[in-house]
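**Student:** Here is a sequence together with a model predicted from it:
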Amino acid sequence: MIWFTSDTHFGHTNIIEYCNRPFSCIEEMNGKIINNINSKVKHNDILYHLGDFSFRNHKSYRERINCRQIHLILGNHDYLKTEDKGCFASVSHYKELKHKPQ
């Protein structure tokens, strides 16, 4: 199955206040979002993340998500280090997908 999400902003403490997110701390936010994703995506699924995955430490958050592939479309808060790029199936600024109805 293919899933899409965006704007998780893992590790971005100020996003709680900026976007009025209902969390008391960054650990609570990160945990809840990861649990929500993992409640839907399964090991063999593919996830497209449409920007702003993480403010930093991409690899540590990626490792907590169940699915085998995450394709990252970069957002304005995605500053990847070289070692972080390898934890995604692909990293790009733009991607087009063609849907074939079954």
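**Tutor:** Yep, it's here.

**Student:** now the helix or strand bottoming out on mean pLDDT in the chain: how far from the chain's centre is it?
**Tutor:** Here the helix or strand of the chain ranked lowest by mean pLDDT, DSSP states H and E is helix 82-85, holding a mean of 76. Counting by CA atoms, centre = their mean, to the nearest Å, helix 82-85 is centred 15 Å from the centre of its parent chain.

**Student:** which residue ranges form the helices in the protein?
**Tutor:** Assigned by DSSP state H, the chain shows helices spanning 15-18, 26-38, 58-62, 82-85.

**Student:** Lowest mean pLDDT across these, which one is that?
**Tutor:** Lowest mean pLDDT of those: helix 82-85, a mean of 76.

**Student:** so what does the least confident helix or strand of the chain touch, helix or strand wise?
**Tutor:** Using 3 or more CB pairs under 8 Å, 6 or more residues apart in numbering; DSSP states H and E as the contact definition, the elements that helix 82-85 packs against are helix 58-62. In this view, the C-beta of every residue, glycine as well, is placed from N, C-alpha and C.

**Student:** And the helix it packs on, what does it pack against?
**Tutor:** helix 82-85.

**Student:** cutoff 10 Å now
**Tutor:** Using 3 or more CB pairs under 10 Å, 6 or more residues apart in numbering; DSSP states H and E as the contact criterion, the neighbours of helix 58-62 among helices and strands are helix 26-38, strand 69-73, helix 82-85.

**Student:** what's the distance between the residue located most distally from the centre of the chain and residue 6?
**Tutor:** With distances taken as CA atoms, centre = their mean, the residue sitting farthest from the centre of the chain turns out to be residue 102, at 27.3 Å. Computed with CB to CB, to the nearest Å, the distance linking residue 102 and residue 6 is 25 Å.

**Student:** before we move on, what about residue 53?
**Tutor:** Distance of residue 53 to residue 6, given as CB to CB: 9 Å.

**Student:** More neighbours: which of these two?
**Tutor:** More crowded of residue 53 and residue 6, by other CB atoms under 10 Å: residue 53, with 28 against 13.
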